[in-house]
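In: my questions concern the predicted model and sequence given below.
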Amino acid sequence: MTTLTGATGATGATGATFTGATGATGATGASVYGRATLQMAALAGLLGDPMVTEGIITSSARLAIPGDAVDPTRGGDYAPGRMPGFNDPKHLGRWQPEVRTQLCQTMLHEGLTYEFQRMSPNPAVDLSFAVRGPVSGGCASLTLQRLAKLSRPDRAVFDVQVGKVVAHARSDLRRARAAELLTQVVPQVPYWSTLVPLSPWRTPWTWELVGIVLSFSMQVIHRFKHALAVQRPNELSAMVQPLLLTPGWSAFPSGHATEAFVFAHFMRALLGQAPTSQLDIALQQQAQAIADNRVYAGLHFPVDGVAGRLLGAALADYAVARCTGRAWRPREFDGSHSTFLKDVDLKITDPLDNCAGGTPPAFYKAEAETAGLALAREDLLPEMWLRASEEMEDLGFTSVQALLAVGGGKPGASAQRGPATDVT
């Protein structure tokens, strides 16, 4: 089934899947649902069982099927002389989950561009999306619209922050949160499922779409991590004593924080929640707890989670935009504010922007919303969104207006959608 981002923790090599992570620990990748699916696939011959192969040979030799090789009674795409529609999103339902994952992740990456700015002492990564404009003279113009920019704080910030990590490590909360620390290494599915009723059998399309978005997000996160290359706390101080094996990649921004806030913000849209709703507040609080736990574990500086929160919100907004045509708000984490950042802790009460009337801290910056995207007829992500939103509506939620720029329609009704334009 859809593989989530096992790479976020030190034990990511276990290959835990979103489907297999439904148990109490979420780490075994061996739920009853996962085993049953594998067993059914094996019975269908997927694994090439030699006994099944021999059985099919002997069984088929005894069958006497009358008539022509092509069944004339079949209809739809399978009627004689008929071929399926070209590049039609409704075909998504026919493919294996891992194929849908690869297709949709490819679409999410299409049009993204990274600018690496070598500004001392605060180098930055600026992530933008190329929006195709009107065609003129046989060529379409491209306009870059920012998604998120993160600049790295200077070394003085991390030298002070490592003291905060040591204080977290010596806090009684480290022991109190030990069970959470250990079970949140792999994707935190059991924790999310306590708030949102997700399951691979009741909400399979939502389950899959969330996995696609999170996996995509982690790929983007690692591009930021590689460029910004911040040391882990235990690399700066032996007093940190991390509880888990330190991951073999950069600390900043926090991948766990980014993923947790991606989930919170993406579900806010999919479930049609206002920022002040009970469920959205709970999702934000849980995201903060997941991010904070990485500090108690000795794996992250608090500032890693502060930047991860902004990046998570930006990536979630972008994913929603690619699914619905909705606008997004370009965001920036400004690492040059050393005075503020030396003592910063992650607080979800800090506004990310001034949309709700609050004043964000100096290191959080936001621009005016972009124009919405005109989605193409062949876009696969709107199809995934429609199928997921129907599942959520069946649970009593009302998702954000699906397919804003394309028009309404039920899953599979791609022929009713607008012209294929504007997304590159």
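Out: Perfect, thanks for sending it.

In: quick one, helices of this protein?
Out: 32-43, 50-61, 97-109, 155-169, 172-176, 178-183, 189-193, 204-228, 233-236, 255-270, 278-296, 302-324, 338-341, 381-394 (DSSP state H).

In: pLDDT weak spots in the stretch 101-250 of the chain?
Out: Along the stretch 101-250 of the chain, the parts satisfying pLDDT under 70 run over 133-136, 140.

In: apply 80 and report the result again.
Out: Applying pLDDT under 80 to the stretch 101-250 of the chain flags residues 132-141, 186-187.

In: residues near residue 286, how many?
Out: Number of residues near residue 286 (other Cβ atoms under 10 Å) recorded here: 18. No exception for glycine: its C-beta is placed from N, CA and C like everyone else's.

In: make that residue 142, sorry
Out: Around residue 142 there are 13 residues (other Cβ under 10 Å).

In: not counting its neighbours along the chain, what's nearest it?
Out: Closest residue in space to residue 142, ignoring its immediate chain neighbours: residue 130 at 4.7 Å, by Cβ to Cβ, 6 or more residues apart in numbering.

In: could you check how far residue 124 is from residue 353?
Out: 19 Å (Cβ to Cβ, to the nearest Å).

In: does the residue nearest to residue 142 touch residue 111 like I think?
Out: Yes - with contact defined as Cβ atoms under 8 Å, residue 130 reaches residue 111; the gap is 4.5 Å.

In: higher neighbour count, these two?
Out: The neighbour count for residue 130 versus residue 111, taken as other Cβ under 10 Å, is higher for residue 111 (18 against 15).

In: residue contacts, the residue nearest to residue 142?
Out: Taking Cβ atoms under 8 Å, 6 or more residues apart in numbering, we find residue 130 in contact with 111, 112, 113, 142, 143, 144, 145, 424.

In: would you mind measuring from it to residue 139?
Out: Distance from residue 130 to residue 139, by Cβ to Cβ: 14 Å.

In: wait, doesn't residue 388 sit right on residue 269?
Out: No - applying Cβ under 8 Å as the test, residue 388 and residue 269 come out as separate, 10.8 Å apart.

In: common neighbours of the two, please.
Out: Counting by Cβ under 8 Å, 6+ apart, the residues touching both residue 388 and residue 269 are residue 399.

In: quick one: buried residues of stretch 197-208?
Out: Within stretch 197-208, the residues scored as buried using 16 or more other Cβ atoms under 10 Å are 198, 200, 203, 204, 205, 206, 207, 208.

In: ok, now stretch 339-357?
Out: For stretch 339-357, by 16+ other Cβ under 10 Å, it's 340, 341, 342, 344, 346, 348, 350, 352, 353.

In: need those in TSV (columns: pLDDT and distance to residue 298).
Out: Output for those, formatted as TSV (pLDDT from 0 to 100; distance: Cβ to Cβ, whole Å):
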residue	pLDDT	distance to residue 298
340	95	23
341	97	20
342	97	19
344	97	18
346	97	16
348	95	22
350	95	24
352	94	27
353	90	32
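
In: could you pull up the residues touching residue 119?
Out: The contact partners of residue 119, by Cβ under 8 Å, 6+ apart, come to residue 151.

In: distance of it from residue 151?
Out: Relative to residue 151, and taking Cβ to Cβ, residue 119 is found at 7 Å.

In: didn't residue 242 look like it was pressed against residue 236?
Out: No - using Cβ under 8 Å, residue 242 is not in contact with residue 236, being 11.9 Å away.

In: quick one on the thing from earlier: from the contacts of residue 130, pick the one nearest residue 225.
Out: residue 112 (16.0 Å; Cβ to Cβ).

In: what are the bridge partners for the spatially closest residue to that closest one that is not a sequence neighbour, then?
Out: Excluding the flanking residues, the one nearest residue 112 by Cβ to Cβ, 6+ apart is residue 129, at 5.9 Å. Bridge pairing for residue 129 (DSSP bridges) gives the partners residue 112, residue 145.

In: for stretch 366-386, measure first residue to last.
Out: 29 Å (Cα to Cα, to the nearest Å).

In: what of stretch 388-399?
Out: Terminal-residue distance, stretch 388-399 (Cα to Cα): 9 Å.

In: thinking again about what came up before, from the buried residues of stretch 339-357, which two are the most distant?
Out: Spatial extent of those (Cβ to Cβ) is set by the pair 342 and 353 at 23.3 Å.

In: sketch out the low-pLDDT regions of the stretch 251-400 of the chain for me.
Out: For the stretch 251-400 of the chain, the ranges with pLDDT under 80 are 355-357, 371-378, 399-400.

In: ok, residue 241 touching residue 299?
Out: No - proximity of residue 241 to residue 299 does not meet the contact threshold set by Cβ under 8 Å, at 11.2 Å.

In: the two: which is more packed in?
Out: residue 299 (27 against 14).

In: could you check stretch 152-159 and say which residues are buried?
Out: For stretch 152-159, by 16+ other Cβ under 10 Å, it's 152, 153, 154, 157, 158.

In: other residues contacting it?
Out: When contacts are defined by Cβ under 8 Å, 6+ apart, stretch 152-159 is touched by residues 121-124, 228, 230-231, 236, 252, 301, 303, 335-336, 338, 341-342.

In: can you check stretch 256-267 too?
Out: With Cβ under 8 Å, 6+ apart as the contact definition, stretch 256-267 has outside contacts at 5, 8-9, 184, 187-188, 192, 196, 210, 213-214, 217-218, 221, 273, 280, 283-284, 286-288, 290-291, 293-294, 300, 304-305, 307-309, 311-313, 315-317, 319-320, 346.

In: whichever of those end up buried, select them in PyMOL.
Out: The PyMOL command for the buried members of those (criterion: 16+ other Cβ under 10 Å) is given here:
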select buried, resi 5+8+9+184+187+188+192+196+210+213+214+217+218+221+273+280+283+284+286+287+288+290+291+293+294+300+304+305+307+308+309+311+312+313+315+316+317+319+320+346
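
In: returning to that earlier point: and the buried residues of stretch 197-208, which is closest to residue 104?
Out: residue 208 (8.8 Å).

In: separation between the closest one and residue 91?
Out: Residue 208 is 15 Å from residue 91, by Cβ to Cβ.

In: so residue 387 sits right up against residue 203, yeah?
Out: No - applying Cβ under 8 Å, one finds residue 387 not in contact with residue 203, separated by 9.9 Å.
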